[in-house]
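Visitor: Next come a sequence and a model predicted from it.
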Amino acid sequence: MLRYSGRFRAAAFLLCAFGSVSLSFAVDTHVWQQDEQSEFNRGTIKHLSIRSDGHITLAPAFRELADTGVPYLWSIVQDSHGMLYCAGGAPTGATTKIYSVAPDGGNNVVAELTALEVHALAIDKQDRLYAATSPDSKIYRIGRDGKPELFFDTKAKYVWAMAFDKSGNLYVATGDEGVIYRVTPGGKGSEFFRTEETNARSMIIDSKGDLIVGTEPGGYITRITPQGKSFVLFQTGKREVTSVAEHDGILYAAAVGGKPSQPSLAAPTRTTPPPAAPTSAGSKAVIAVQPSSTPPAGIISLAAAAAATAGGSEVYRIEQDGFAEKLWSSPKDVVYAIGFDPDGKPLLGTGNKGVIYRIDSSVLATQLIDAPPTQVTDFLAGKNGVTYAVTGNVGKVYAIGPTYERTGSLESEVLDVGSFAYWGGAYLHSDLDGGTVSIDTRSGNVNRPQKNWSEWQPVELHGLNGAVASPPARFLQYRLTLKPSPQSKSPDIGSIEIGYLPKNIAPAVRQVEVADANYRASTSSFLERNVEPSGSALTLTLPPIGSRESASTPVRLEGTGGMTLQYAKGYMTARWEASDANGDALTYKVEVRGERESLWRLLKDKVQESYLSFDSSAFPDGKYIIRVTASDAPSNTPSAALSASLESAPFTIDNTPPQIISGGVKDESGATLIEFTAKDDSSWIDKTEYSVNGGDWTLLNPVTRVSDGKELHYQLRVQKSASHEQQIIAVRVFDENDNGTVQRFVAP
């Protein structure tokens, strides 16, 4: 069976246009077409973005600025001078670090805190850096000398987000009691709002000065005014709102995980803190922070833990009038962060494959960047069109854009034609106004590209198409290479098509069988002749071709792949099994000859079915052989068509009834003894019966009791009637082919 990727369709126009292979209607010209995101993703992608409708462009430049060496970075901020700060942590370890990163790369340790991790950073109007540690969360303000000082103790378990309002108040979203605190510039804090959820998981302050908060486990998106009045904007279908963001007054939110079937459990009891760790002696101050005795999975990745139980993410957009709709979803990706590109399109940072998606519209999204780390955890809009991202596993800092990558490539999956094939042309549906694109191909006869494949060979493009130069083979692979224009514009590839012509292979006739005599495949009259079968069924169901029947099993078996024949005296039916490796349409020529003859006689040509019934009464009795020739001519030109033949085993045509040779009629005491011999030249005697004075027919066995030959001897004793009147005794004999004869005897 021909296997192919992409779409399969007849496309003779393609080879005609390219002129690389002479046009013929041999086996159909095929087209390997790829135009879907899932098809391209089966290849190897480097520095390319693929939109959900299959369009391919260069990816934005993705430049590594810093490798901190920690497992996770969770937060990134930037001061007014352009300096970046990031922090995260590890599931184990006594301390966590805060790093500064210059926009052109390189990082330094700003401060070191005794904690598992820092999940939230913030910068005030004076460019002072604030860090919240978890668990048993406290907020520290980092001085310009790198010395941390305790700013506010939340008394909570975790701090998930922090944001400053225009007045300099710091809002702190916490768990495990879902409380939001407001802290004045002087460090005096108080409970501002209780969400009645376990975690106030994500938070921003929107352009109106309201808090937008995402919760867990209810999955609420709530607006809270500075006066503490709340309104749930939307309840998501997921458990945890991991990120909220705003652009031009429109809100976006990402949620992950399944809703709990049971009410959430009460928050865990706090443990008694051990003594504080001593301050290290060095240029960086170390503040002792009590780590939790058993850190929850949320410290490492609450989102990943939630998604692991129910799977997948959803992203929502909430309009200014409050209307909410789902924009994007994935059954596997976990959305950790929402950002925006320079055009205001939402960016989604996901795990656990490190893919950054861009939402282009309510129906389109782009697989924008495949980051080497497995999680993209936070975004930051920088200056001059640059977006920054931090990652987890491992913790790095990247700059995205504003230009494209200098080159990008797609090495396709391998096309398996299923047989030897000639390659036609390659055709691009593309916008080449921005940048350039090139195509290379290679071919081989083993399913994995390796050293015994052909080398990569360029397709000489003339506009958007060109001839494939790779040698004919069974397998093919292409490689697309995209480069930007001097104005930093990218090509846009909509699809690629490659034509190929499988080499014509002769069909194969695998089996030819001849069914029992006197049956035919017919939809006309039920009985072809006005002859009542001697005991044969009016229909005969054949088993699948090639099946053998045991001696104890009747012929009339029904099986998968069988066929049903109707009784028709004198008819023979041949059936066969044939196939074509190219999938060509086949017709058949059926011929017959005597076993000892050399001349084939045509029964019928251009048969489209895989069987033929014919009237054998036109042939003398004897042994015959059927020959079936399969031709792929319907799918090929006369010069290119191929054929193959197969002969059946010898079978018998016998339309002559047996002979009944009388051995005499004798009068015995009270009975009449009739002796006779049944004889047939071609077939075994199958059944013998007798009738007295037109009565019912009664089965009669030969003297040997076994009907196993062409000549059998019989003895029949018939009791005389009580009145001693003359009796007429009729005997009829049938051979295997249902030929019958009758002879009458008169009893004295």
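Guide: Cool, the structure landed.

Visitor: remind me which residues of the stretch 401-550 of the chain are low pLDDT?
Guide: Where the stretch 401-550 of the chain drops to pLDDT under 70, the residues are 432, 522-550.

Visitor: go with 90
Guide: Across the stretch 401-550 of the chain, the ranges flagged by pLDDT under 90 are 418-419, 430-435, 447-452, 463, 488, 502-503, 505, 521-550.

Visitor: if I look at residue 472, how far off is residue 623?
Guide: Going from residue 472 to residue 623 by Cβ to Cβ, to the nearest Å gives 47 Å. C-betas here are computed from N, CA, C, even on glycine.

Visitor: actually residue 218, not the one I wrote
Guide: 86 Å.

Visitor: out of the two, which sits in the busier spot?
Guide: Per other Cβ atoms under 10 Å, whichever of residue 218 and residue 623 has more neighbours is residue 218, with 23 against 14.

Visitor: wait, that one sits on residue 201?
Guide: No - in this structure, residue 218 is not within contact of residue 201 by Cβ atoms under 8 Å, at 10.3 Å.

Visitor: can you list the domain ranges for this protein.
Guide: 12-59+407-502, 61-402, 508-653, 659-747 (automatic domain parsing).

Visitor: weakest of those domains by average pLDDT?
Guide: Mean pLDDT across these is lowest at domain 508-653; the value there is a mean of 80.

Visitor: ends of that domain, how far apart?
Guide: 27 Å (Cα to Cα, to the nearest Å).

Visitor: Work out the gap between that domain and the centre of the chain.
Guide: Distance of domain 508-653 from the chain centroid (Cα atoms, centre = their mean, to the nearest Å) equals 41 Å.

Visitor: what's the answer for stretch 703-720, then?
Guide: 69 Å.

Visitor: for the stretch 601-748 of the chain, what spans make up the strands?
Guide: 601-607, 611-615, 622-631, 643-647, 651-653, 659-668, 671-679, 685-692, 698-699, 711-719, 727-735, 740-747 (DSSP state E, counting those that start in this stretch).

Visitor: Pairing partners for the last one, with directions?
Guide: Applying DSSP bridges to the sheet, strand 740-747 is found paired with strand 727-735 (antiparallel).

Visitor: And for the strand it pairs with, what's in contact with it?
Guide: Strand 727-735 is contacted by residues 534-535, 654, 657-658, 660, 672, 674, 676, 678, 680, 682-694, 697, 700, 714, 716, 718, 720-721, 740-747 when judged by Cβ atoms under 8 Å, 6 or more residues apart in numbering.

Visitor: swap in stretch 58-66?
Guide: The contact list for stretch 58-66 (Cβ under 8 Å, 6+ apart) reads 47-49, 84, 86, 99, 101-107, 341, 368-369, 371, 388, 396-408, 435, 482-484, 490-491.

Visitor: buried set for stretch 181-195?
Guide: 181, 182, 183, 189, 192, 193, 195 (16 or more other Cβ atoms under 10 Å).

Visitor: in what helix or strand does residue 237 lie?
Guide: Using DSSP states H and E, residue 237 is not contained in any helix or strand.

Visitor: all strands for the stretch 401-550 of the chain, in order.
Guide: 408-411, 415-431, 436-444, 457-458, 465-467, 473-483, 492-502, 508-514, 519-520, 539-542.

Visitor: How far does the first one sit from its chain's centre?
Guide: Averaging C-alpha coordinates over strand 408-411 and over its chain gives two centres that are 22 Å apart (Cα atoms, centre = their mean).

Visitor: sorry, back to before: quick one: buried ones out of the contacts of stretch 58-66?
Guide: Here, 16+ other Cβ under 10 Å leaves 47-49, 84, 86, 99, 101, 103, 107, 341, 368-369, 371, 388, 396-401, 404-405, 408, 435, 482-484, 490-491 buried among those.

Visitor: circling back to that earlier point, quick one, which of the contacts of strand 727-735 are buried?
Guide: By 16+ other Cβ under 10 Å, these give 534, 654, 657-658, 660, 672, 674, 676, 678, 680, 682-692, 700, 714, 716, 718, 720, 740-741, 743, 745, 747 as buried.

Visitor: hang on, isn't residue 52 packed against residue 364?
Guide: Yes - counting by Cβ under 8 Å, residue 364 is a contact partner of residue 52 at 5.4 Å.

Visitor: more neighbours, the two?
Guide: residue 52 (18 against 13).

Visitor: Tell me who's in contact with that one.
Guide: So residue 52 contacts 37, 363, 364, 365, 366, 367 (Cβ under 8 Å, 6+ apart).

Visitor: Please point out which parts of stretch 593-603 sit buried.
Guide: Applying 16+ other Cβ under 10 Å to stretch 593-603 flags 594, 600, 603 as buried.

Visitor: Out of those, the closest to residue 429 would be?
Guide: residue 603 (52.0 Å; Cβ to Cβ).

Visitor: Quick check: the gap between the nearest residue to the closest one once chain neighbours are set aside and residue 616.
Guide: Excluding the flanking residues, the one nearest residue 603 by Cβ to Cβ, 6 or more residues apart in numbering is residue 590, at 4.5 Å. Residue 590 sits 13 Å away from residue 616, going by Cβ to Cβ.

Visitor: Compare these two and say which is more crowded by neighbours.
Guide: A count of neighbours by other Cβ under 10 Å puts residue 616 above the other of residue 590 and residue 616, at 22 against 19.

Visitor: Quickly note the distance from that one to residue 592.
Guide: Distance from residue 616 to residue 592, by Cβ to Cβ: 9 Å.

Visitor: got it, and residue 197?
Guide: Residue 197 sits 86 Å away from residue 592, going by Cβ to Cβ.

Visitor: Give me the more crowded residue out of these two.
Guide: In this view residue 197 and residue 592 are compared by other Cβ under 10 Å, and residue 197 has more residues nearby, 24 against 21.

Visitor: Check which helix or strand the more buried one maps to.
Guide: Here residue 197 is assigned to no helix or strand, by DSSP H and E.

Visitor: That one contacts residue 214, correct?
Guide: No - between residue 197 and residue 214 there is no contact under Cβ under 8 Å: 9.5 Å.

Visitor: shared neighbours, these two?
Guide: In contact with both residue 197 and residue 214: residue 220, using Cβ under 8 Å, 6+ apart.

Visitor: rewinding a little: could you export the buried residues of stretch 181-195 to JSON lines, including columns for secondary structure and distance to residue 571?
Guide: Shown next, in JSON lines, are those (DSSP: H, G, I helix; E, B strand; the rest coil; distance: Cβ to Cβ, whole Å):
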{"residue": "181", "secondary structure": "strand", "distance to residue 571": "96"}
{"residue": "182", "secondary structure": "strand", "distance to residue 571": "98"}
{"residue": "183", "secondary structure": "strand", "distance to residue 571": "100"}
{"residue": "189", "secondary structure": "strand", "distance to residue 571": "101"}
{"residue": "192", "secondary structure": "strand", "distance to residue 571": "96"}
{"residue": "193", "secondary structure": "strand", "distance to residue 571": "92"}
{"residue": "195", "secondary structure": "coil", "distance to residue 571": "86"}
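
Visitor: a markdown table for the residues you listed, including distance to residue 236?
Guide: Listed next are the buried residues of stretch 181-195 as a markdown table, based on distance: Cβ to Cβ, whole Å:
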| residue | distance to residue 236 |
| --- | --- |
| 181 | 24 |
| 182 | 26 |
| 183 | 28 |
| 189 | 29 |
| 192 | 23 |
| 193 | 19 |
| 195 | 14 |
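
Visitor: and residue 606, how far is that from residue 593?
Guide: 20 Å.

Visitor: what's the answer for residue 137, then?
Guide: Taking Cβ to Cβ, one finds residue 137 at 96 Å from residue 593.

Visitor: List the residues that contact residue 408.
Guide: 45, 46, 47, 48, 58, 59, 481, 482, 483.

Visitor: C-alpha coordinates for stretch 705-724, PDB please?
Guide: Extracted C-alpha coordinates of stretch 705-724, given in PDB (Å, rounded to 0.1, in the frame of the first residue of the first chain):
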ATOM      1  CA  ARG A 705     -21.200 -49.300   0.100                       C
ATOM      2  CA  VAL A 706     -18.800 -46.500  -0.800                       C
ATOM      3  CA  SER A 707     -19.300 -44.300  -3.800                       C
ATOM      4  CA  ASP A 708     -15.700 -43.800  -4.700                       C
ATOM      5  CA  GLY A 709     -15.100 -44.400  -8.400                       C
ATOM      6  CA  LYS A 710     -16.200 -43.900 -12.000                       C
ATOM      7  CA  GLU A 711     -17.600 -47.400 -12.100                       C
ATOM      8  CA  LEU A 712     -19.700 -48.900  -9.400                       C
ATOM      9  CA  HIS A 713     -21.800 -52.100  -9.100                       C
ATOM     10  CA  TYR A 714     -25.200 -52.300  -7.600                       C
ATOM     11  CA  GLN A 715     -27.700 -55.000  -6.500                       C
ATOM     12  CA  LEU A 716     -31.300 -54.100  -5.800                       C
ATOM     13  CA  ARG A 717     -33.900 -56.400  -4.200                       C
ATOM     14  CA  VAL A 718     -37.500 -55.300  -4.500                       C
ATOM     15  CA  GLN A 719     -40.300 -57.200  -2.700                       C
ATOM     16  CA  LYS A 720     -43.100 -58.300  -5.000                       C
ATOM     17  CA  SER A 721     -46.500 -56.800  -4.500                       C
ATOM     18  CA  ALA A 722     -49.100 -58.900  -2.600                       C
ATOM     19  CA  SER A 723     -51.200 -59.100  -5.700                       C
ATOM     20  CA  HIS A 724     -48.200 -60.200  -7.800                       C
END
